[in-house]
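> give me the fold of what follows.
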Amino acid sequence: MKQPIGVFDSGVGGLSVWREIAALLPNENIIYFADNANCPYGPKSQKEVIELSEAIVKFFISKNVKLIVVACNTATAAAIDYLRANYELPFVGMEPAVKPAAILTKTKCVGILATAGTLGGKLFKATTERYASDIKVVKQVGTGLVELVENGNQYSKKAEELLEKYVLPMIKKGADHIVLGCTHYPFFRPLVDRIAGEGVTIIDPAPAIARRVNDILEDQQLNALDNDAPKYHFYSSGASSTMKTLLEDVLHVDTSKVVLEENVAL
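Presented below is the predicted three-dimensional model:
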């Protein structure tokens, strides 16, 4: 029960998922891995993403994790079927939050802001066909957004310009719900909320992912029922300066009390 949960992303974006897991499951030890040396995953081939994801999974296995969260939409789309077929650990992936948007929309039009890898994946296609066959789905690739978060520029003028370019056309086409289809994008939330304005609902899938993790742990009786001082370890394949800043300034984590290790070779 005290074994850690493993959470990984192409970079720091998955910290938006880590935040929700840590809040919902305060007794759990969690290991986070940011593969920022290879970020972004979006433009990479499926083969490349599978190889990178598998290397991280092997790292987690060496750390004796009990469950792995693929906190990256692109890696989920490209690699999660392979990982589930080849490893016995439970995996939780990022679900494109098309279903809640499709259920709640009043205009019968929703926007999906995501990477090319996510929008081109079979998971997104299957989810859209299943839940949104009768509504208009406006897809938008968020080119350049991941890099801004990775460089700590999520509140910059460039970020504002790109988000206006991507968000406003979806709203003009009638979208009253916009799904943040990349784990990096919730770090733009203050800008997205202001640009979208009242009347547009922004959907972040991360809380639902945390609930799914909890459900699996409960079903398999793997919950850490008591843990006065959960251990948080943060690893990155490149420099950790952006991760440290996000943890301290946005997530309000005291980094003096966690393990923060950079340039980890896989």
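> for the rest of this, base every contact and every neighbour count on C-alpha atoms.
Noted.
> okay, helices next: where are they in the stretch 51-200 of the chain?
73-86, 98-104, 116-119, 122-131, 145-150, 157-172, 189-196 (DSSP state H, counting those that start in this stretch).
> in this structure, which spans are strands?
Secondary structure of the chain (DSSP state E): strands at 5-9, 30-34, 67-70, 91-93, 109-114, 136-141, 177-181, 201-203, 232-236, 259-261.
> could I get those strands as TSV with distance to residue 244 and mean pLDDT?
Below are these laid out as TSV (distance: least, Cα to Cα, whole Å; pLDDT from 0 to 100):
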stretch	distance to residue 244	mean pLDDT
strand 5-9	15	98
strand 30-34	12	98
strand 67-70	21	98
strand 91-93	24	97
strand 109-114	25	96
strand 136-141	27	96
strand 177-181	23	96
strand 201-203	26	97
strand 232-236	9	97
strand 259-261	8	96
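> any chance of these in CSV, with mean neighbour count and distance to residue 128 too?
CSV is the format used below for the strands of the chain (neighbours: other Cα atoms under 10 Å; distance: least, Cα to Cα, whole Å):
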stretch, mean neighbour count, distance to residue 128
strand 5-9, 27, 23
strand 30-34, 25, 29
strand 67-70, 25, 20
strand 91-93, 20, 17
strand 109-114, 26, 11
strand 136-141, 18, 8
strand 177-181, 26, 12
strand 201-203, 18, 15
strand 232-236, 21, 33
strand 259-261, 15, 38
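> for residue 232, list the residues it contacts.
If a contact means Cα atoms under 8 Å, 6 or more residues apart in numbering, then residue 232 has 29-32, 258-259 as its contacts.
> residue 51: which of these is nearest?
Closest approach to residue 51 among the contacts of residue 232 (Cα to Cα): residue 32, at 18.2 Å.
> where's the closest one relative to residue 41, distance?
17 Å (Cα to Cα, to the nearest Å).
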